[in-house]
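Asker: got a structure for you, letters missing:
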């Protein structure tokens, strides 16, 4: 038996005021300082005459994006902008904010570089045109997160771009890269994302030849060790608890390691250690469909991207382990893999993408992801409500929530952090012969209803059958508070887009079929079962999906149980 783990969720509202006041003061200070006419001179370092390395970005790129750019069409974040060459996209409005973010982050550059010499020439032109328009610091184009991605992408492409550029253009490219790398070493930016920013600066420092690159590289690596220590936990989980954030940081660090090796330098111990821990965590976070667990603001990514991050790993991908990492527990049988959120959301600055979805659940049957969440990630900034419990596969009580994204001007200031009362979660797992028990309980409903929610999962590894019980029961030691005698509950099971769901005649069973066509029966003793429309966010875009919803009413002074199970179709007891 494993020792129960207790964790705490987001900070309460009053605790945010020091952060709000600090951000207000420092943000305005840096805007005023960086906006001064002569500020750009402070970013000028020793001139780099050439590029010393060509770091490999291990992320797979879509050639179609680069082909579109060559033809004057930018397709980014689900939106498009047509710009006939030799015009450029920098002095015109973007169709969406997400498009503008990807545009200024040079997300299109890796794909453009796949287009051979033509692509490299166009990359030089677009980069130099960007520098003409945005040479001076601006709050959006030089925002730390956007700046880090632009610097990283430009560093990986710089050497090849330099090969097709004139000498004056090559010197200008080196100057642009150096200025942006040095800006990454300066505030603002905060703790969350610091490791990513310093990694990008270090990669830029590897690319620039001579003293300019050396000083930038050394300064970035000095701060990176501490940043990685605070970002990557001992178990390899990212401090934000987002599996996708850990994947992206791992890919960045692999690029940094490659860049250093091209200079015949070994990566610092902090970098190697972080790579090892992130790699070990990734083994648990990849589900049998080749994608990531989709929880706490992290999307599933793609099998190709995940495979690229695992290419250096000697562990067998076909035999993933069971266990817990970053507060996400994984149990499995030959055909079933279950991922459950068994911790509270990240806190403070790390909670910008955190979700108030206690005990969220994902279930993969074979290689079909059937039960999942709505897929919210920070790219869907206009759909913050999907960060709440109804946006994943868990239970809700009434209209209450266990936390909520910070809204209004405070949210804009603090990146929509998750706020609310502290959430305590307890988890206990037992392994038996041919079976696994996982029990998780949280107190998020105690304040409003006096009830604890316990989710019990029993996985029969011989039958590939998952049996579960949702238990609502009065919290012990509660003071007498006048509460409603009953509260409506809803247990939701969000289905992956494309999953078919058919309600049987008994009105208690639902046949599910994933992309492989294999059937699975979902059964419950809940009083009201329905298949309802839902939505799923894919790369910031909304897709239609379905959800199973089990509704009923729970007494606040007594115990309520809702049982359900998932089993392979084809047995003699299948409903008709």
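Answerer: Yes, it's here. In this text, all values refer to a predicted model and were calculated from it rather than measured experimentally.
Asker: and residue 131, what does it touch?
Answerer: Going by Cβ atoms under 8 Å, 6 or more residues apart in numbering, residue 131 touches 172, 176. Any C-beta I mention is one placed from the backbone N, CA and C, and that applies to glycine too.
Asker: so it belongs to a strand, correct?
Answerer: No: under DSSP: H, G, I helix; E, B strand; the rest coil, residue 131 falls outside any strand and is assigned helix.
Asker: quick one, grab the pLDDT at it.
Answerer: pLDDT, residue 131: 96.
Asker: that one and residue 165: what is the separation?
Answerer: 13 Å (Cβ to Cβ, to the nearest Å).
Asker: cool, residue 253 as well?
Answerer: The value you get for residue 253 to residue 165, if Cβ to Cβ is used, is 29 Å.
Asker: so the two - more neighbours on which side?
Answerer: residue 253 (27 against 21; other Cβ atoms under 10 Å).
Asker: so how far is residue 155 from that one?
Answerer: 14 Å.
Asker: try residue 347
Answerer: Counting by Cβ to Cβ - residue 347 and residue 155 are separated by 32 Å.
Asker: so which of those two has more stuff around it?
Answerer: Ranked by neighbour count (other Cβ under 10 Å), residue 347 and residue 155 place residue 155 first, with 29 against 21.
Asker: tell me, how many residues neighbour residue 266?
Answerer: Neighbour tally, residue 266, other Cβ under 10 Å: 11.
Asker: contacts only, for the most centrally placed residue in the chain.
Answerer: Geometric centre of the chain, nearest residue: residue 298, 2.4 Å, by Cα atoms, centre = their mean. Shown in contact with residue 298 (Cβ under 8 Å, 6+ apart): 242-245, 247, 292, 353, 377.
Asker: do the same with residue 313
Answerer: Taking Cβ under 8 Å, 6+ apart, one finds 279, 282-283 in contact with residue 313.
Asker: neighbour-wise, which one of these leads?
Answerer: Result: residue 282 is most packed of the contacts of residue 313 (other Cβ under 10 Å), 23 neighbours.
Asker: check which residues of the one helix or strand that residue maps to are buried.
Answerer: In the assignment (DSSP states H and E), residue 282 maps to helix 269-285. Of all the residues in helix 269-285, those buried under the rule 16 or more other Cβ atoms under 10 Å are 270-271, 274-275, 277-285.
Asker: next one: stretch 68-77
Answerer: 68-69, 72, 74-77.
Asker: stretch 115-128 too?
Answerer: Quick answer for stretch 115-128 (16+ other Cβ under 10 Å): 115, 119-128.
Asker: quick one on the thing from earlier: which one among the contacts of residue 298 gets closest to residue 431?
Answerer: residue 243 (23.1 Å; Cβ to Cβ).
Asker: and for that closest one, nearest residue in space, chain neighbours not counted?
Answerer: Nearest non-adjacent residue to residue 243, counting by Cβ to Cβ, 6 or more residues apart in numbering: residue 285, 4.1 Å away.
Asker: so who does that neighbour touch?
Answerer: Per Cβ under 8 Å, 6+ apart, neighbours of residue 285: 243, 246-247, 292-293, 325-326, 328.
Asker: scan those and report the most crowded one.
Answerer: Busiest of the contacts of residue 285 [other Cβ under 10 Å] is residue 243, holding 32 neighbours.
Asker: residue 287 is in contact with that one, correct?
Answerer: No: Residue 243 lies out of contact with residue 287 (Cβ atoms under 8 Å); the separation is 9.9 Å.
Asker: the nearest residue to residue 132 once chain neighbours are set aside - how many residues pack around it?
Answerer: Of all residues not flanking residue 132 in the chain, residue 90 sits nearest, at 7.9 Å (Cβ to Cβ, 6+ apart). Neighbours of residue 90 under the rule other Cβ under 10 Å: 17.
Asker: residue 135 too?
Answerer: Quick note: residue 135 (other Cβ under 10 Å) scores 11 neighbours.
Asker: how near is it to residue 129?
Answerer: For residue 135 relative to residue 129 (Cβ to Cβ), the value is 11 Å.
Asker: do the same with residue 97
Answerer: 21 Å.
Asker: repeat for residue 474
Answerer: With Cβ to Cβ as the criterion, residue 474 and residue 129 are 65 Å apart.
Asker: repeat for residue 65
Answerer: For residue 65 relative to residue 129 (Cβ to Cβ), the value is 18 Å.
Asker: of those two, who's got more company?
Answerer: For residue 65 versus residue 129, neighbours defined as other Cβ under 10 Å are more numerous around residue 65 (21 against 16).
Asker: hmm, back to that, turn the buried residues of helix 269-285 into a markdown table, columns for pLDDT.
Answerer: Shown next, in a markdown table, are those (pLDDT from 0 to 100):
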| residue | pLDDT |
| --- | --- |
| 270 | 97 |
| 271 | 98 |
| 274 | 98 |
| 275 | 98 |
| 277 | 98 |
| 278 | 98 |
| 279 | 97 |
| 280 | 95 |
| 281 | 96 |
| 282 | 96 |
| 283 | 94 |
| 284 | 95 |
| 285 | 96 |
